[in-house]
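predicted model and sequence follow; I will ask about them next.
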Amino acid sequence: GESAVGAGVKELLPAIITAYETQRTPGPIAYEDLIEAQLPVGAPTKREQLEQAAETPITAQKLKEAFGRDPAQVIREARLSLAAAAANAGLWSMSEDTGQVWATDEIRGLVGFFPPHVELHYKDFLRVIHLEDRERVHQTVQQAMQSGEELVIEYRVLRADGSVRWIASRGRQQQTTVGKPSSMMGVSVDVSERKQAEDTLRRQEQDLSRLTGRIINAQEEALRRLSRELHDDLTQRLAALALDAALIEKQLNPAQPQVVQNLKDLRTNLSEVAEEVHDLSRQLHPSILDDLGLVQAVQAECAAFSKKTGIAVSFMPDAIPDSVPQPLALCLYRVIREGLQNIAKHSGAAAASITLQGLSDGIRLLIQDKGIGFDPNEVKKKAGIGLSSMRERVRLINGTISFKSKPGQGTEIEVSIPLGGGDDQTTAADS
């Protein structure tokens with residue numbers, strides 16, 4: 001009964017007042033200051049009764065007469081308010097029937113409009129919420145009250161001085177004694193600094209993405225020029241030298257078999273060097289991609305890979321458009337080539353498969369092998385240039401890439417790229 005509550009009040013109220021003095025005021029504090037700071041606007045603050053309560057033993061009945069309500073609830077609110085103030089947060093509660101709002105000074109300070117002791121209503125808070133966020137906040141609050149779910153939302157408020165602050169709020173419904181919701185109580189905190197840091201980080205990431213796009217495009221253009229020079233100049237000259245060696249071979253005296261053999265070896269070496277230069281030119285930039293398209297380029301790459309490594313590659317194209325935008329085609333080709341190189345270097349697989357599927361809104365790529373696999377968590381810690389390059393290329397054209405693998409169970413690389421995804425990369429390269 002009263003004695004138990006009174007004992008709790010006796011024990012807790014001095015500690016709360018001491019903490020409140022330390023955190024909120026420079027000097028001694030009257031009971032009415034504590035009460036007015038914690039009670040809803042309009043609650044009675046009876047000076048005579050409060051003074052009497054301060055001079056006589058504190059009982060639940062006396063405090064109830066002074067507070068006008070259950071002192072245990074006042075104590076709980078005081079403790080919550082002090083804890084929230086220590087965390088630079090503010091407390092609030094809203095009646096679901098009347099829309100009347102109780103708020104601590106921290107809440108009033110956040111919005112910068114409502115002086116102490118001014119009665120507040122839900123619509124008052126809606127008015128200070130940024131116009132672009134207002135309807136979203138209202139809908140979220142209504143949904144939380146109707147569903148009973150926790151309210152979690154971030155929004156902007158337009159303060160009286162014209163500044164904009166970001167507020168994060170969380171709240172829950174409070175039940176009546178008969179189990180019906182009567183109010184929503186919650187906490188709000190200013191998260192403007194965090195939002196500013198996020199915006200700064202986002203801008204830096206966008207700048208880095210544009211820079212990366214320009215670097216990759218400049219690199220590809222340089223590789224394209226070098227590939228063309230190797231193919232059109234050096235390869236042709238080597239082929240011509242091999243033909244000259246064949247003509248000289250025919251003109252030699254058969255009585256000089258060693259010289260003839262040396263020329264044959266020279267011609268063979270020249271042909272091999274010409275083929276290697278041709279392969280290097282294709283690796284630097286696949287001209288077949290520009291001339292015949294993505295499917296033909298991937299087929300040629302798979303054939304060359306199988307010939308070189310002895311690993312059988314099954315390539316299954318399905319509904320690929322005849323004309324794939326160049327940034328998308330180049331990205332997919334580079335990912336496929338890097339994927340095949342990883343299979344040759346690390347998987348130990350005897351075979352692999354590549355699926356290229358055209359969808360209504362993009363292209364899906366799947367590279368699979370049944371090799372030794374790996375632990376993705378370990379790879380994340382020490383990801384090589386190859387995997388990082390694949391991720392960055394796909395990200396630049398607004399695609400997604402995932403790596404699925406387990407030790408002893410092979411590896412799967414899946415890429416999804418939206419059609420038109422290369423527009424941002426082209427813009428980045430041009431800017």
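In hand now; what should we look at? Residues are numbered from 1 along each chain as shown.

ok, longest strand in the chain?
Longest strand in the chain by number of residues, with DSSP state E as the criterion: strand 164-175.

packing partners of the helix or strand following that one?
With elements assigned by DSSP states H and E, the helix or strand that comes after strand 164-175 is strand 181-190. Under the contact criterion of 3 or more CB pairs under 8 Å, 6 or more residues apart in numbering; DSSP states H and E, strand 181-190 touches strand 89-95, helix 105-111, helix 131-147, strand 164-175. C-beta here means a position set from N, CA and C on the backbone, and glycine is covered the same way.

before we move on, the earlier item: which of the residues in the longest strand of the chain are buried?
By 16 or more other CB atoms under 10 Å, the buried positions in strand 164-175 come out as 165-169, 171, 173.

then that strand to CSV, C-alphas only?
The C-alpha coordinates for strand 164-175 follow below in CSV (Å, rounded to 0.1, in the frame of the first residue of the first chain):
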residue,chain,number,x,y,z
VAL,A,164,17.3,21.7,-40.4
ARG,A,165,18.0,18.9,-37.9
TRP,A,166,17.7,15.1,-38.3
ILE,A,167,15.8,13.4,-35.5
ALA,A,168,15.6,9.6,-34.8
SER,A,169,12.6,8.5,-32.8
ARG,A,170,11.6,5.1,-31.4
GLY,A,171,8.3,4.5,-29.5
ARG,A,172,6.0,1.8,-28.2
GLN,A,173,2.3,1.7,-27.2
GLN,A,174,1.6,1.7,-23.5
GLN,A,175,-1.4,-0.5,-22.4
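
and that strand with helix 131-147, angle?
10 degrees (axes from the mean of the first three to the mean of the last three CA atoms, to 10 degrees).

adjacent strands (with direction) for strand 164-175?
The sheet places strand 164-175 alongside strand 151-158 (antiparallel), strand 181-190 (antiparallel), with pairing taken from DSSP bridges.

can I get these in JSON lines including mean pLDDT, mean neighbour count and distance to residue 272?
Shown next, in JSON lines, are the strands paired with strand 164-175 (pLDDT from 0 to 100; neighbours: other CB atoms under 10 Å; distance: least, CB to CB, whole Å):
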{"stretch": "strand 151-158", "mean pLDDT": "92", "mean neighbour count": "18", "distance to residue 272": "65"}
{"stretch": "strand 181-190", "mean pLDDT": "81", "mean neighbour count": "19", "distance to residue 272": "71"}
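
of those strands, give the one that comes closest to residue 226.
strand 151-158 (50.4 Å; CB to CB).

related to what we said a few turns ago, could I get the strands paired with strand 164-175 as a markdown table with distance to residue 404?
Putting these into a markdown table (distance: least, CB to CB, whole Å) gives the following:
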| stretch | distance to residue 404 |
| --- | --- |
| strand 151-158 | 32 |
| strand 181-190 | 39 |
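
indicate which one of those strands is closest to residue 96.
Among the strands paired with strand 164-175, the nearest to residue 96 by CB to CB is strand 181-190 (5.9 Å).

could you pull out the buried residues of the helix or strand following that closest one?
Going down the chain from strand 181-190, the next helix or strand is helix 192-229, by DSSP H and E. Of all the residues in helix 192-229, those buried under the rule 16+ other CB under 10 Å are 192, 195, 209-210, 212-213, 216-217, 220, 224, 227.

and which of those residues is nearest residue 327?
Minimum distance to residue 327 across these is 8.5 Å, recorded for residue 217 (CB to CB).

so which strand or helix has the residue lying closest to residue 270 once chain neighbours are set aside?
When the adjacent residues along the chain are set aside, residue 270 lies closest to residue 242, with 4.0 Å between them (CB to CB, 6 or more residues apart in numbering). In this assignment (DSSP H and E), residue 242 forms part of helix 235-251.

so for that helix, what gets flagged as buried?
For helix 235-251, burial by neighbour count (16+ other CB under 10 Å) applies to 235, 238-239, 241-242, 245, 249.

where does residue 408 fall, phi/psi-wise?
Reported as degrees, to the nearest 10, the phi and psi values for residue 408 are phi 80, psi 0.

ok, it touching residue 373?
Yes: counting by CB atoms under 8 Å, residue 408 does reach residue 373; the two are 5.7 Å apart.

between those two, who's got more neighbours?
Shown here are residue 408 and residue 373; by other CB atoms under 10 Å, residue 373 has more neighbours (20 against 10).

helix, strand or coil for that one?
Secondary structure, DSSP: H, G, I helix; E, B strand; the rest coil: residue 373 is coil.

for stretch 389-406, C-alpha coordinates in CSV please.
This file holds the C-alpha atoms of stretch 389-406, laid out as CSV (Å, rounded to 0.1, in the frame of the first residue of the first chain):
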residue,chain,number,x,y,z
SER,A,389,38.3,-5.9,-60.0
MET,A,390,35.3,-8.1,-60.8
ARG,A,391,33.3,-6.5,-58.0
GLU,A,392,34.2,-2.9,-59.1
ARG,A,393,33.4,-3.5,-62.7
VAL,A,394,30.0,-4.9,-61.9
ARG,A,395,29.2,-2.2,-59.4
LEU,A,396,30.1,0.5,-61.9
ILE,A,397,27.3,-0.7,-64.2
ASN,A,398,24.8,-1.0,-61.4
GLY,A,399,25.0,-4.8,-61.3
THR,A,400,25.3,-7.3,-58.5
ILE,A,401,27.9,-10.1,-58.0
SER,A,402,28.0,-12.9,-55.5
PHE,A,403,30.5,-15.6,-54.8
LYS,A,404,29.3,-18.9,-53.3
SER,A,405,31.7,-21.6,-52.3
LYS,A,406,32.6,-24.2,-49.7
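
any idea how far residue 111 is from the nearest residue to residue 238 once chain neighbours are set aside?
Among residues not flanking residue 238 along the chain, residue 274 sits closest, at 3.8 Å (CB to CB, 6+ apart). Between residue 274 and residue 111 the distance is 76 Å, computed by CB to CB, to the nearest Å.

what about the helices in the stretch 301-431 of the chain?
326-342, 376-381, 385-396, 423-430 (DSSP state H, counting those that start in this stretch).

least confident of those, on average?
Mean pLDDT per stretch puts helix 423-430 lowest among these, at a mean of 47.

what's the closest of the strands paired with strand 164-175 to residue 264?
strand 151-158 (77.7 Å).

ok so, going back, and the residue nearest to residue 238, what helix or strand is that in?
Taking DSSP H and E as the criterion, residue 274 maps to helix 257-284.

after that helix, which helix or strand is next? Please name it.
helix 287-292.

pLDDT of that next one, averaged?
81.

among the helices of the stretch 301-431 of the chain, which is the most enclosed?
Greatest average neighbour count among the helices of the stretch 301-431 of the chain goes to helix 326-342 (a mean of 22), per mean count of other CB atoms under 10 Å.
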